[in-house]
Each structure stands twice: as structure tokens, then as C-alpha cells.
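Undergrad: following is a predicted model, sequence given first.
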Amino acid sequence: MGNDGGNSGEFYTPRPVIKAMVDCLDPQIGETVYDGATGSCGFLIEAYNHLKPQAKTTDDLRWLNHDALWGNEQTPLAYVM
């Protein structure tokens, strides 16, 4: 994995590590999740999968689909991939 990012410094966190992070953080309905190094959105996807079973009402689902997850990426390389 050390050479995959080349000289640009990208690093892609393995999904089992992401899942462990989300499980430890244990986000709840009503809490916003922000990823400041979004990359391929693995953290946000795992957070969505963690939150979805908690959504019991249509308002919960609307919040989850429109307001719960936010991210930012410094370089467009991850979007291309």
C-alpha cells in the first residue's frame, strides 16, 4: 500500500479498518458525520450503513439521506477512480 499513492501522498484505508473506526465511534441518528479526507467515501459509506438500521421514521430517513453525511477532498484524483 505504501507505493499506491505515488508522490501525491494518497492513502486508501482498508475497509475493515474503516468499519472498526465507525463501530468505535458509533454514530447515532441526529449526529452529523464529517470526513475531511473523503477519498473514495469509504468512511461515509460505512457510516451510512451503520446509521440506516437506526432510522425508524421518514424524518430519520430524510435526515440520513440529505443532512447526515458531509465530506471534502483536497485532490480530484479519488473522484476519478
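TA: Arrived safely.

Undergrad: what's the closest non-adjacent residue to the most centrally placed residue in the chain?
TA: The centroid of the chain falls nearest to residue 44 when counting by Cα atoms, centre = their mean (1.6 Å). Leaving aside its sequence neighbours, residue 44 sits nearest to residue 69 (Cβ to Cβ, 6 or more residues apart in numbering; 4.7 Å). All C-beta atoms are positioned from the backbone trio N, CA, C, and that covers glycine.

Undergrad: the residue nearest to the centre of the chain against residue 37, yeah?
TA: No - assessed by Cβ atoms under 8 Å, residue 44 is found out of contact with residue 37, at 11.0 Å.

Undergrad: with adjacent residues omitted, what lies nearest to residue 36?
TA: Computed as Cβ to Cβ, 6+ apart, the closest residue to residue 36 that is not its neighbour in sequence is residue 72, at 5.6 Å.

Undergrad: in this structure, where is pLDDT below threshold?
TA: 1-11, 76-81 (pLDDT under 70).

Undergrad: tell me where it has helices.
TA: Under the criterion DSSP state H, the chain contains helices at 15-25, 42-51, 58-66, 77-80.

Undergrad: identify, out of the ones you listed, the most deeply packed stretch.
TA: Mean neighbour count (mean count of other Cβ atoms under 10 Å) peaks for helix 42-51 among these, with a mean of 19.

Undergrad: other residues contacting that one?
TA: Outside helix 42-51, the residues that touch it by Cβ atoms under 8 Å, 6 or more residues apart in numbering are 12-13, 15, 18-19, 21-23, 26-29, 33, 35, 38, 64, 68-69, 71.

Undergrad: wait, residue 32 sits on residue 70?
TA: Yes - here residue 32 lies in contact with residue 70, judged by Cβ under 8 Å, at a distance of 6.5 Å.

Undergrad: if I look at residue 40, how far off is residue 53?
TA: 23 Å (Cβ to Cβ, to the nearest Å).

Undergrad: between the two, which one's more packed in?
TA: More crowded of residue 40 and residue 53, by other Cβ atoms under 10 Å: residue 40, with 14 against 8.
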